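In: Any chance you could fold what I've pasted below:
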Amino acid sequence: MKILVVDDEKLLVKGIKFNLENEGYEVEYAYDGAAAVELARSNRFDLIILDVMMPELDGIEACMRIREFSNVPVIMLTAKSEDPDKLMGFESGADDYLTKPFNILELKARVRALLRRAGGTQRAQGTVLSAGDLALDTEQRVAVRDGETVNLTAKEYDLIELLMRNPRRVYSRENLMNVVWGYSYGGDYRTVDVHIRRLREKLEKNPAEPEYILTKWGVGYYFKG
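Out: The predicted model follows:
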């Protein structure tokens with residue numbers, strides 16, 4: 001699999017590249033956001049590791065531009081640990097978030113988990129999930145609404161597939177973090193809210209009055225099958 005590593009700290013890029021190549025990945029790299037966008041546009045990557053604070057174009061803006069033409073999984077790296085910064089990363093379309101300084105073993109674990117989920121190694125083959133004007137092709141990991149393909153990020157797709165496979169089952173935000181992301185953010189589950197809102201904007205006719213992705217107040221979220 002091919003990974004793009006983007007950070008203006010050249011020694012950090014070198015270290016990440018070395019460790020990922022030892023895991024068998026093919027790695028390309030860049031040192032600013034503008035170069036990241038161009039590389040993502042002209043190459044097929046299986047995953048992008050993208051720093052937030054960079055020259056030319058910061059990681060948030062770069063991720064937003066990449067999302068205009070690609071759903072490649074993105075892990076954001078940043079020295080900022082405040083919750084608003086994390087949420088901004090997810091708002092821009094990132095799938096995962098890691099705060100510097102980080103353990104390289106954790107980064108590699110995040111990479112493996114995201115690639116595994118994006119590759120759909122655990123999905124049932126040849127299955128189409130449908131409800132009303134929504135459909136999911138779990139073989140191709142594609143969402144369709146009213147006959148039109150909807151672009152979803154890897155985590156958005158994982159989230160809606162879980163909900164559609166288990167209609168009317170209410171999941172707490174903690175449950176969703178553990179199942180979809182594979183770990184907890186230490187009690188801060190607002191990233192789930194961000195992804196639910198984005199799914200509603202993409203899949204619901206009226207996101208303010210959702211028909212499918214519903215809230216059980218004080219409990220969590222569920223899909224009305």
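
In: Could you pull out the buried residues of the worst-scoring helix or strand of the chain on mean pLDDT?
Out: When each helix and strand of the chain is scored by mean pLDDT, DSSP states H and E, helix 83-91 comes last, with a mean of 74. Using 16 or more other C-beta atoms under 10 Å as the burial criterion, the residues of helix 83-91 that qualify are D85, K86, L87, M88, G89, F90, E91. Heads up, the C-betas are built off the backbone N, CA and C, glycines and all.

In: show me the contacts for the nearest residue to the last one once chain neighbours are set aside.
Out: It refers to E91. Leaving aside its sequence neighbours, E91 sits nearest to V194 (C-beta to C-beta, 6 or more residues apart in numbering; 6.1 Å). Applying C-beta atoms under 8 Å, 6 or more residues apart in numbering, we find V194 in contact with L87, F90, E91.

In: Ramachandran angles for the residue nearest to the spatial centre of the chain?
Out: For the chain, the residue lying nearest the average C-alpha position, counting by C-alpha atoms, centre = their mean, turns out to be D95 (2.1 Å). Torsion angles at D95 (phi, psi; degrees, to the nearest 10) stand at phi -100, psi -30.

In: ok, now which ones touch it?
Out: Shown here is D95, whose contacts under the criterion C-beta under 8 Å, 6+ apart are P73, V74, I75, L114, T153, A154, K155.

In: ok, the contacts of V194 vs V6, which is closest?
Out: F90 (17.7 Å; C-beta to C-beta).

In: any idea how far K224 is from the closest one?
Out: Here the criterion is C-beta to C-beta, to the nearest Å. By it, F90 lies 24 Å from K224.

In: Identify all contacting residues around stretch 101-111.
Out: Counting by C-beta under 8 Å, 6+ apart, the neighbours of stretch 101-111 from elsewhere in the structure are 3, 15-16, 19-20, 23, 25, 47, 49, 75, 77, 96, 98.

In: related to what we said a few turns ago, quick one: which of the contacts of D95 is nearest to A34?
Out: A34 has its nearest neighbour among these in V74, at 16.0 Å by C-beta to C-beta.

In: My guess is the closest one contacts G93. True?
Out: Yes - contact criterion C-beta atoms under 8 Å: V74 and G93 qualify, at 6.6 Å.

In: ok, T138 to D158 distance?
Out: Using C-beta to C-beta, which is the criterion applied here, T138 is 11 Å from D158.

In: re the thing from before, as JSON lines, the contacts of D95 with secondary structure and pLDDT would be great.
Out: As requested, the contacts of D95 are arranged in JSON lines below (DSSP: H, G, I helix; E, B strand; the rest coil; pLDDT from 0 to 100):
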{"residue": "P73", "secondary structure": "coil", "pLDDT": "92"}
{"residue": "V74", "secondary structure": "strand", "pLDDT": "94"}
{"residue": "I75", "secondary structure": "strand", "pLDDT": "94"}
{"residue": "L114", "secondary structure": "helix", "pLDDT": "85"}
{"residue": "T153", "secondary structure": "coil", "pLDDT": "88"}
{"residue": "A154", "secondary structure": "helix", "pLDDT": "85"}
{"residue": "K155", "secondary structure": "helix", "pLDDT": "88"}
